[in-house]
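> 3D model of this:
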Amino acid sequence: MSPRSQSTDTAPEAAAGLVTPDTAGQAELPADIADLSYEAARDQLVEVVRRLESGQGGLEESIALWERGEMLALRCQQWLDGARERLEDAVSARREAEQEDS
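Next up, the predicted model:
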């Protein structure tokens, strides 16, 4: 099942230990954002940008949207950093295995 086909906005892959976003040294995120999958955070970020670009909100709403957008962008970056680390680890392990076989 792909993350896009899941009906929730949380990240069960992370709970199962299958995907681990890199959160070391990152700012503390509110639970509602920290629990989002990459796809859910990205989709919410797109919506925040759309609302900001519409210019229809007041100053307070725009500031709140901007702040939420920053946190959503950080969450997306955490997922991408974690994915990059996993890929680098997999490539490294493969190279080591190939060297041992040689």
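
> Look up phi and psi at residue 56.
phi -90, psi -20 (degrees, to the nearest 10).

> State the mean pLDDT of the helix or strand that contains residue 88.
Using DSSP states H and E, residue 88 sits in helix 59-101. The average pLDDT within helix 59-101 is 96.

> tally of neighbours for residue 52?
Other residues near residue 52 come to 15 when the count uses other C-beta atoms under 10 Å. The way it works is simple: take the backbone N, C-alpha and C, and place the C-beta from them, glycine included.

> So which elements touch the helix holding residue 88?
When contacts are defined as 3 or more C-beta pairs under 8 Å, 6 or more residues apart in numbering; DSSP states H and E, helix 59-101 packs onto helix 31-34, helix 38-54.

> roughly how far is that helix from the heart of the chain?
When C-alpha coordinates are averaged (C-alpha atoms, centre = their mean, to the nearest Å), helix 59-101 and its chain have centres 6 Å apart.

> now the angle from that helix to helix 38-54?
150 degrees (axes from the mean of the first three to the mean of the last three C-alpha atoms, to 10 degrees).
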